[in-house]
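Engineer: This is the structure alone, sequence omitted:
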């Protein structure tokens, strides 16, 4: 059970936003959390006396860890560069990232969630964040500018979804072959 939770946690932790509260999750936090999950898997493998093949799979996961973290780091670097070019006030920038972008991202994540309960939770959180964005500093912008920013956030959220889908697709294939 501990190993299964740690394995599921790897996919839960590889997000630029925390899927429990929508807060920004920097690459350093993602790195720390993923390492903790792999440490847990190592400990369980050691305690259970698992084979070298099982331990080799955990070692392989450690080798791809830098790539997973780099994906999140790239996403944030790219988004912040794009936001800085928009010449927005600090309050609007913050709302754009913490509310609008987070809401758009979690809306996409909800569509891909594995259970109905998880989809509902992510949709509710997404709606809360998007509502906060609508009522916050973004509401002070002219409608055409606001609509353009919302469209940008949707495309930025989709960028991370596309970049991580190759990992999820590979994991899905591995899951099928090792079921």
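Structural biologist: Sure thing, it's come through. All values derive from a computational prediction rather than experimental measurement.
Engineer: Which stretches in this protein count as helices?
Structural biologist: Secondary structure of the chain (DSSP state H): helices at 2-13, 27-48, 52-84, 90-95, 102-112, 116-135, 143-177.
Engineer: Distance to residue 21, mean neighbour count and mean pLDDT for these - can I get that in a markdown table?
Structural biologist: C-betas here are computed from N, CA, C, even on glycine. A markdown table is the format used below for the helices of the chain (distance: least, C-beta to C-beta, whole Å; neighbours: other C-beta atoms under 10 Å; pLDDT from 0 to 100):
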| stretch | distance to residue 21 | mean neighbour count | mean pLDDT |
| --- | --- | --- | --- |
| helix 2-13 | 13 | 15 | 86 |
| helix 27-48 | 13 | 16 | 93 |
| helix 52-84 | 17 | 14 | 92 |
| helix 90-95 | 16 | 16 | 96 |
| helix 102-112 | 9 | 21 | 95 |
| helix 116-135 | 7 | 16 | 96 |
| helix 143-177 | 17 | 14 | 74 |
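Engineer: could these go into CSV alongside distance to residue 19?
Structural biologist: Putting the helices of the chain into CSV (distance: least, C-beta to C-beta, whole Å) gives the following:
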stretch, distance to residue 19
helix 2-13, 7
helix 27-48, 12
helix 52-84, 13
helix 90-95, 20
helix 102-112, 6
helix 116-135, 6
helix 143-177, 13
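Engineer: Against the centre of this structure, work out the most remote residue.
Structural biologist: residue 49 (32.7 Å; C-alpha atoms, centre = their mean).
Engineer: Please tell me the pLDDT value assigned to it.
Structural biologist: Note on residue 49: pLDDT of 87.
Engineer: How much space separates residue 75 from residue 66?
Structural biologist: 15 Å (C-beta to C-beta, to the nearest Å).
Engineer: try residue 138
Structural biologist: 35 Å.
Engineer: How about residue 147?
Structural biologist: Residue 147 is 38 Å from residue 66, by C-beta to C-beta.
Engineer: Please apply the same query to residue 113.
Structural biologist: 26 Å.
Engineer: now swap in residue 159 and tell me
Structural biologist: The value you get for residue 159 to residue 66, if C-beta to C-beta is used, is 20 Å.
Engineer: next one: residue 48
Structural biologist: Counting by C-beta to C-beta, the gap from residue 48 to residue 66 is 27 Å.
Engineer: Contact partners for residue 125?
Structural biologist: The neighbours of residue 125, taking C-beta atoms under 8 Å, 6 or more residues apart in numbering as the test, are 19, 20, 21, 22, 106.
Engineer: Show me how to select, in ChimeraX, the buried members of those residues.
Structural biologist: Here is the ChimeraX selection string for the buried members of the contacts of residue 125, based on 16 or more other C-beta atoms under 10 Å:
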select :19,22,106
